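Q: Fold the following for me, if possible:
(chains A and B)
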Protein chains: 2
Amino acid sequence: MEYYQLTPINLVTYLQSLPEVCQKFSSVDNLEVQEILDGNMNYAFVVSNKLDVNQSVFVKQAPPYIKVLGEQWPLSRQRMTAEIQALNYQSSVCPEMVPEVYYQSESLSVLIMQNLSKHTILRTELIQARYLPRLAEDLSTFLAETLFYSSDFALRSADKKAMVSKSANLDMCLITEDFVFTYPFEHHEMNAYNPALSQSVINSIQKSPDVRAHVAQMKYIFMNQPEALLHGDLHTSSVMVNVQQTFVIDPEFSFAGPMGFDIGALIGNLYLNYFSHAHNSSAESVNYSHWLLQTIDDLWYKFEAKFLSLWSEHEQSLASTFMGKDLSGDSHQAFRHLFLQQVLSDTLGFAACKIIRRILGVAKVADFMQFEDQKLRAKLETQALNMAKTMLLNRQSYTNIADVNKLAEETRLI
Amino acid sequence: MEYYQLTPINLVTYLQSLPEVCQKFSSVDNLEVQEILDGNMNYAFVVSNKLDVNQSVFVKQAPPYIKVLGEQWPLSRQRMTAEIQALNYQSSVCPEMVPEVYYQSESLSVLIMQNLSKHTILRTELIQARYLPRLAEDLSTFLAETLFYSSDFALRSADKKAMVSKSANLDMCLITEDFVFTYPFEHHEMNAYNPALSQSVINSIQKSPDVRAHVAQMKYIFMNQPEALLHGDLHTSSVMVNVQQTFVIDPEFSFAGPMGFDIGALIGNLYLNYFSHAHNSSAESVNYSHWLLQTIDDLWYKFEAKFLSLWSEHEQSLASTFMGKDLSGDSHQAFRHLFLQQVLSDTLGFAACKIIRRILGVAKVADFMQFEDQKLRAKLETQALNMAKTMLLNRQSYTNIADVNKLAEETRLI
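A: Got it, this is the predicted structure:
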């Protein structure tokens, strides 16, 4: 089918033509379309049965341009192909954590899927200091399963390389290369600084040869380490939660990249939220801050434990393992330790880049932007930048998250 | 054209049909075919004009199997496509260092090229202790130019990723993964040990959890770091030399991989040769050993200088550099230093794997196999293994080659 733009006008007719979608409704005679206006890149609609609003689907379509900027800002529809492939992959390894897909079309760049009407964006929940007891458990499962099963430890060499080629997502990778790893670190017209943020703090990032060299190293790793099929943009607005469930959404930046990029995106955004709570010294806020650090700690250790467990289980089913026969009995363990140490180092480096870019770059986070008091915001931003800088430069020395949490706590005291 | 096997019988008729080849001869009426029997994978022929033997071409054809093993050992002809692409690329950046290609056919998996009749295999020259004054200069040029111009520092992001996909060479990568990084490190039936090599020395590699973990790390880097278009098998039998010229041949293992793999292959094989001269304490041999170490030192430093020079020259022609604007004036230099430190570390790790696999794995080198005295050979092999082990485990601590050379010298004294 040739590509055409879905609108609130033609959408119902289109859905009525799709048996996979019709069966989600007791009847498709009374469908109501609501356009969701807050996405930047893509068109999005919720379509419900007027007679029973519990019957609804979510429709997402990628136009060949950036939606909010219009047709003069072209952007390849390859991003929806990447999103469809990523969702198919994620639902094959942890179906309980991604929206169920009812229908997909690469030619129309359309996804029709489960409408998560009873879930809220994770970032919103964190800003409102809501406790989410399942968060670390669920997200560590998502990370361990999606990263392990697309790695060289699970796939045959040729299948892995085919996956890497197939998951190319050139335009979206370029956006990350520019907006995460380049523009925020130079004087770029796209940057937007809090006017109250001191120039010396900005300089401590942009004019530090050490910081710049290490950020360039992280950019290079982002571009040159296709370890696993990533979500590619796993910040706290790409997760929807309630007390019972966690869903990961919007993998339109998906590509084969370094494992630490997904883990670092999450951890970096959790630290951003941690610093946003620093202005409040109430017992409640202090407790919530502790919960956040505990969650980051849990997230990493549960990820590590689950990844290791998938790895050793999987190897027991293989005739030959990645590293060959373990003749001493200790070699597998030694390699796994080295490997996860490297993933931790990458994770911290990427988390730092993500923190910095959300403060110096154009794309801000509500965690900080909620504060109208620019001076207060600048104080919190400065703390986050200082912590990110140290985490980046020392990323290879950390052997656990407890020490990184200590750094975060100490930075908040200064 | 559908694939068919070239033979000494049908080859002349085939060549006579190719204008690009005919023009290399004053006449094609008296062509003589000589089959070259010492290649393992591919068919090779030298075709000369009987009336003027200075007129000749070299013909190489990849059958869909391993030549010496026969049709029951299938091997994809993709290797010749990779070789053709690699030669085209290499001749575009340093034409003086690869044989001139007269004709190429992916459908027939054939290359017809310059016959290097006045050059000798580098390994043979090194075994015979011949000085080659141009070696470090030429090979450092080859490495710097081929690695730089296919990297993210020279190519646009999308072009680089397209190059990576296009240069897939699955079967050949799998051979390296198995025969370089896996089999030699376990009890594998393909291995072949010198009977005089002590089991404790073999165990010091195969049963050391540290060595095994670091080798697995190098294998993982080999599979997960598509930095540049590599030669892929750059040992000292892939180089042909005389006193005036250096040619790099046979890039059938070419793929997008870590820069250190090509540099490490060369350096590892030069160290293998260095240890093969250790039995001889004559002044001549001592001098030659010094020349070898000096050549390794020169090779790295000239590579580094040329790579840096290409990098900074290229950046001056760009509107925006890889890392963005250098606001302090020292950031570019800081990143280049970090980057080349990482390439050195990878280089030493790969050099170590290459040394070990040539001693414990099935594929031996003439540098050692020339010795019929197994005990003498075992002594030299043990030295090389000990040096490789230390170089591998400490690869991240070395900041220069002089210290690695010192390690080699010290190991030869024990």
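
Q: Can you tell me how far A:Arg123 is from A:Glu96?
A: Look at A:Arg123 and A:Glu96: by CB to CB, to the nearest Å, they are 22 Å apart. (C-beta placed from N, C-alpha, C; glycine too.)

Q: which of these two has more neighbours?
A: Comparing A:Arg123 with A:Glu96 by other CB atoms under 10 Å in any protein chain shown, the one with more neighbours is A:Arg123, at 20 against 12.

Q: Sticking with that one, tell me its helix or strand.
A: Assigned by DSSP states H and E, A:Arg123 falls within helix A:122-127.

Q: what's the helix or strand following that helix in contact with?
A: Using DSSP H and E, the helix or strand that follows helix A:122-127 in sequence is helix A:135-149. Applying CB atoms under 8 Å, 6 or more residues apart in numbering or on different chains, the contact partners of helix A:135-149 are A:89-90, A:93-94, A:97, A:122, A:154-155, A:227-231, A:239, A:241, A:245-246, A:248, A:259, A:262-263, A:266, A:295, A:298-300, A:302-303, A:306-307, A:310-311, A:314.

Q: Tell me which of these fall in helices.
A: Per DSSP state H, helices hold the following members of the contacts of helix A:135-149: A:89-90, A:93, A:122, A:259, A:262-263, A:266, A:295, A:298-300, A:302-303, A:306-307, A:310-311, A:314.

Q: Quick one: buried ones out of those residues?
A: The neighbour-count criterion (16 or more other CB atoms under 10 Å in any protein chain shown) marks A:89-90, A:93, A:122, A:259, A:262-263, A:266, A:295, A:298-300, A:302-303, A:306-307, A:310-311, A:314 among the ones in helices among the contacts of helix A:135-149 as buried.

Q: if we can go back for a sec, within reach of chain B, which of the contacts of helix A:135-149 are there?
A: Counting by CB under 8 Å from any CB of the partner chain, A:Glu227 from those sit close to chain B.

Q: sorry, back to before: and the helix holding A:Arg123, what other elements does it pack with?
A: strand A:239-241, helix A:259-276, helix A:366-369 (3 or more CB pairs under 8 Å, 6 or more residues apart in numbering or on different chains; DSSP states H and E).

Q: State the mean pLDDT of the longest one.
A: Computed over helix A:259-276, the mean pLDDT rounds to 98.

Q: got the angle between that helix and helix A:135-149?
A: Relative orientation of helix A:259-276 versus helix A:135-149 (axes from the mean of the first three to the mean of the last three CA atoms, to 10 degrees): 160 degrees.

Q: From the chain's centroid, how far away is helix A:259-276?
A: 9 Å (CA atoms, centre = their mean, to the nearest Å).

Q: just stretch A:337-356 next, same as before
A: Taking CA atoms, centre = their mean, one finds the center of stretch A:337-356 at 14 Å from the center of the full chain.

Q: all strands in chain A, in order from the N-terminus.
A: Under the criterion DSSP state E, chain A contains strands at A:31-35, A:43-49, A:52-61, A:65-66, A:70-74, A:101-105, A:110-114, A:120-121, A:228-229, A:239-241, A:246-248, A:256-257.

Q: any residue of the fifth one up close to chain B?
A: It stands for strand A:70-74. No. Under the criterion of CB under 8 Å from any CB, chain B is not reached by strand A:70-74; the shortest gap measures 13.7 Å.

Q: Dump that strand to PDB, restricted to CA.
A: C-alpha atoms of strand A:70-74 as PDB (Å, rounded to 0.1, in the frame of the first residue of the first chain):
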ATOM      1  CA  GLY A  70       6.400  20.500   9.200                       C
ATOM      2  CA  GLU A  71       7.300  19.200   5.800                       C
ATOM      3  CA  GLN A  72      10.300  21.500   5.500                       C
ATOM      4  CA  TRP A  73      12.100  19.300   8.100                       C
ATOM      5  CA  PRO A  74      12.300  15.900   6.400                       C
END
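
Q: Residues in contact with it: which ones?
A: Here strand A:70-74 has contacts from A:Pro64, A:Tyr65, A:Ile66, using CB under 8 Å, 6+ apart.

Q: for the last one, same thing?
A: For strand A:256-257, contacts defined as CB under 8 Å, 6+ apart pick out A:Ser150, A:Met163, A:Val164, A:Ser167, A:Phe222, A:Gln225, A:Pro226, A:Glu227, A:Ala228, A:Leu229, A:Leu230, A:Gly232.

Q: which residues sit in contact with the fourth one?
A: When contacts are counted by CB under 8 Å, 6+ apart, A:Ser167 touches A:Ala82, A:Gln85, A:Ala86, A:Leu229, A:Ser254, A:Phe255, A:Ala256.

Q: rerun that using 6 Å as the cut-off
A: A:Leu229, A:Phe255, A:Ala256 (CB atoms under 6 Å, 6 or more residues apart in numbering or on different chains).

Q: likewise the first one?
A: A:Ser150 is in contact with A:Ala228, A:Leu229, counting by CB under 6 Å, 6+ apart.

Q: any idea how far A:Asn224 is from it?
A: A:Ser150 is 17 Å from A:Asn224, by CB to CB.

Q: what comes up buried for stretch A:310-324?
A: Quick answer for stretch A:310-324 (16+ other CB under 10 Å): A:Leu310, A:Trp311, A:His314, A:Glu315, A:Thr321, A:Phe322, A:Met323, A:Gly324.

Q: Can you pick out the most distant pair from those residues?
A: Comparing all pairs in these by CB to CB, the longest separation belongs to A:Leu310 and A:Gly324, at 19.6 Å.

Q: who touches A:Phe307 in this structure?
A: Under the criterion of CB under 6 Å, 6+ apart, the neighbours of A:Phe307 are A:Ala144, A:Phe148.

Q: tell me which parts of the stretch 51-200 of chain A are close to chain B?
A: Residues of the stretch 51-200 of chain A found near chain B (CB under 6 Å from any CB of the partner chain) are A:Asp152, A:Ser157, A:Ala158, A:Lys161, A:Ser165, A:Ala168, A:Leu170, A:Leu174, A:Glu177, A:Thr182, A:Phe185, A:Glu186.

Q: which among these end up buried?
A: With burial judged by 16+ other CB under 10 Å, the buried subset of those is A:Asp152, A:Ser157, A:Lys161, A:Ala168, A:Leu170, A:Leu174, A:Glu177, A:Thr182, A:Phe185, A:Glu186.

Q: now the residues you listed as TSV including pLDDT and distance to B:Ile401?
A: Shown next, in TSV, are these (pLDDT from 0 to 100; distance: CB to CB, whole Å):
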residue	pLDDT	distance to B:Ile401
A:Asp152	97	31
A:Ser157	94	32
A:Lys161	95	33
A:Ala168	94	37
A:Leu170	95	38
A:Leu174	96	37
A:Glu177	97	33
A:Thr182	98	33
A:Phe185	98	32
A:Glu186	95	34
